[in-house]
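>>> Using only what follows, build the 3D model:
(one chain, ligands or ions: 1)
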Amino acid sequence: MRHTPQAAPLVLDAAGMQLDRAQPLSEQIHAQLKARILHGQLGAALRLPTTRELARDLAVSRNTVVRAYEQLLSEGFIESRVGAGSFVARLESPAPAVPAERPHWNTPDTAIWARLQHSTIGQAHDGPPRAFRHGVPAMDLFPHAVWARLQARFWRRHAQQQLGYSETAGDARLRALIAAYLSSSRGLRCDAGQVLITSGAQQAIALCALALLRPGDRVAVESPGYRAAAAALSLPGARVIGVPVDAQGLQMQALHSLGSCRMAYVTPSHQFPSGVAMSLQRRLDLLAWAHRHDAYVLEDDYDGEYRYSGAPMAPLASLDAQARVLYMGTFSKLMFPGLRLGYLVAPAHWMATLARLRASLDRHSAIADQVVMADFMAEGHFLQHVRRVRRASRARRDALFAAWQQHFGAALPLPAVEAGLHACLPLPSLELEQRLADTALAHGVELARLSVAGANTALPQRPGLLFGFASVPPASLATAVATLKRCWPPLSADRLS
Ligand SMILES: Cc1ncc(COP(=O)(O)O)c(C=O)c1O
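Predicted coordinates for the structure are as follows:
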């Protein structure tokens with residue numbers, strides 16, 4: 001039963017609508033508007049923006065919006081009045097309202113399915129690595145033959161017991177090897193008993209969230225920051241709140257102003273996506289904050305091995321005298337993400353809880369991969385491979401910067417990169433960000449948008465582009481930069497500022 005709208009003083013604001021450019025845009029706009037209408041966020045008789053306005057705000061073509069509106073119209077969610085525009089239809093018994101916050105996993109009082117409804121994390125990569133895919137290491141250098149030999153050996157020699165259910169915390173030898181590696185390479189002293197093998201850093205974050213947070217707890221995250229972490233942290237119904245990042249990392253002043261928080265999630269070695277390293281002062285301040293607030297710090301050291309100059313800073317966990325830090329690492333950036341192996345190093349008194357939690361989720365990681373990973377480490381292949389990919393990533397970074405200098409020069413400097421696997425070019429507007437990324441993609445060059453890759457909270461997003469440089473050889477990077485020079489409009493720093 002619908003009524004014709006009488007007055008419509010309010011117009012829908014597109015703020016909070018997030019689109020994944022790799023997916024059909026019209027369907028996403030349709031789905032997001034429909035969800036807002038169904039949840040009562042868009043009151044009946046609210047006027048929708050014109051298709052031209054919404055197309056401009058979302059930086060999509062007008063036809064894309066027209067298709068979404070037509071679909072909503074045909075389903076009865078909106079009504080159209082000649083000369084007046086489109087309006088939200090009055091529907092009986094709308095679902096209870098959920099807060100109009102973005103992203104959608106940021107709403108603690110709704111079911112998980114509702115919070116994750118519009119989540120775009122977890123998408124598979126489209127095709128083989130190409131310039132400038134970010135977040136993937138030099139997988140072309142992975143020693144497949146060695147790995148295959150160790151796998152074959154496992155299957156020839158395994159004990160039958162290894163095919164049954166295994167230790168939840170992980171293979172004992174692998175845990176010991178990781179503890180030794182962290183101590184010698186990352187300056188983090190820990191006992192093998194504090195190491196829990198996980199299915200990547202992602203699972204480590206989710207385990208910490210489920211073990212330590214209660215519904216309604218507040219969790220501070222860096223903003224811009226890692227979206228997948230924010231999604232995992234919200235699983236127990238916690239409220240994820242963004243704290244801005246500056247050249248020294250998480251802004252402590254902003255953290256203090258939040259009041260009570262149960263947890264802070266940070267990437268201090270190499271902040272994702274801005275790339276800054278957290279200063280020692282901030283690290284100490286953050287630990288003092290955690291102590292004072294009875295809070296926990298999740299330290300995600302996802303790509304800490306990739307530092308190209310200067311000594312790496314001590315992990316927060318190594319400075320922690322109060323058992324406040326849970327440290328996580330991953331083999332995704334050193335081996336390959338599809339391996340799905342990572343680790344969590346936690347204060348000893350949390351281990352039993354974390355292991356029970358892991359047992360109730362999926363028991364443990366695949367034993368063959370754990371054993372082979374342990375062999376790979378014990379026989380020296382791992383350290384050799386780490387040195388190799390670090391060297392290659394540095395060379396690839398240099399190739400990117402050399403090509404950039406050649407084609408764009410000092411007129412459009414790409415900010416220097418001393419760590420990690422991507423460079424970040426800040427841009428003045430979201431429109432330009434979108435246009436440059438779309439044009440690049442149309443010419444076969446993949447560039448992630450900073451405002452999308454780092455959109456983990458409701459804070460306004462900075463525009464920019466991420467240049468992953470590790471996944472392809474130097475020549476491909478140079479070709480891709482030349483392509484950008486050809487296909488992009490003329491750009492220079494003064495025009496951009
Ligand atoms: C900040 C951050 N943490 C962790 C990861 C890796 O997660 P996983 O070990 O689950 O592959 C990534 C990958 O891109 C990341 O950017």
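>>> separation between the residue nearest to the spatial centre of the chain and residue 185?
Most central in the chain under CA atoms, centre = their mean is residue 226, positioned 3.3 Å from the mean C-alpha point. From residue 226 across to residue 185, the span is 23 Å (CB to CB, to the nearest Å). No exception for glycine: its C-beta is placed from N, CA and C like everyone else's.
>>> any idea which helix is longest in the chain?
Using DSSP state H, we find that the single longest helix of the chain is helix 381-407.
>>> buried set for that helix?
For helix 381-407, burial by neighbour count (16 or more other CB atoms under 10 Å) applies to 381-382, 385-386, 389-390, 392-394, 396-397, 399-401, 403-404, 407.
>>> helices and strands around it, which ones?
The elements that helix 381-407 packs onto, with contact taken as 3 or more CB pairs under 8 Å, 6 or more residues apart in numbering; DSSP states H and E, are helix 172-186, helix 367-378, strand 422-426, helix 474-487.
>>> So for residue 126, which of these sits nearest?
Residue 126 sits nearest to helix 474-487 of all those, at 15.7 Å, using CB to CB.
>>> hang on, the earlier thing: can you tell me which of the helices and strands packed on helix 381-407 is nearest to the ligand?
Among those, strand 422-426 comes nearest to the ligand, with 9.4 Å by CB to the nearest ligand atom.
>>> got the angle for the closest one vs helix 381-407?
Between the axes of strand 422-426 and helix 381-407, defined by axes from the mean of the first three to the mean of the last three CA atoms, to 10 degrees, the angle is 30 degrees.
>>> Pull up the pairing partners for strand 422-426, direction included.
strand 464-468 (antiparallel) (DSSP bridges).
>>> Can you read off the pLDDT for whichever residue of the stretch 51-200 of the chain sits closest to the ligand?
Nearest residue of the stretch 51-200 of the chain to the ligand: residue 200, at 2.7 Å (CB to the nearest ligand atom). Note on residue 200: pLDDT of 98.
>>> isn't residue 450 right next to residue 456, touching?
No. Assessed by CB atoms under 8 Å, residue 450 is found out of contact with residue 456, at 12.0 Å.
>>> of these two, who's got more company?
Each of residue 450 and residue 456 has its neighbours counted (other CB atoms under 10 Å); residue 456 has more, 28 against 24.
>>> Go ahead and name everything in contact with stretch 388-408.
Stretch 388-408 is contacted by residues 132, 137-138, 141, 305-306, 308, 334, 414, 416-417, 421, 423, 467, 469-470, 472-475, 477-478, 481-482, 484-485, 491 when judged by CB atoms under 8 Å, 6 or more residues apart in numbering.
>>> Filter these down to the buried ones.
132, 137-138, 305-306, 334, 414, 417, 421, 423, 467, 469-470, 472, 474, 477-478, 481, 484, 491.
>>> A strand includes residue 79, no?
Yes. Under DSSP: H, G, I helix; E, B strand; the rest coil, residue 79 falls within a strand.
>>> So which residues on this structure come close to the ligand?
Counting by CB under 6 Å from any ligand atom, the residues of the chain close to the ligand are 135, 200-202, 226, 267, 272, 300, 302, 330, 332, 337, 342.
>>> Endpoints of stretch 196-203, how far apart?
Length of stretch 196-203, first residue to last, CA to CA, to the nearest Å: 11 Å.
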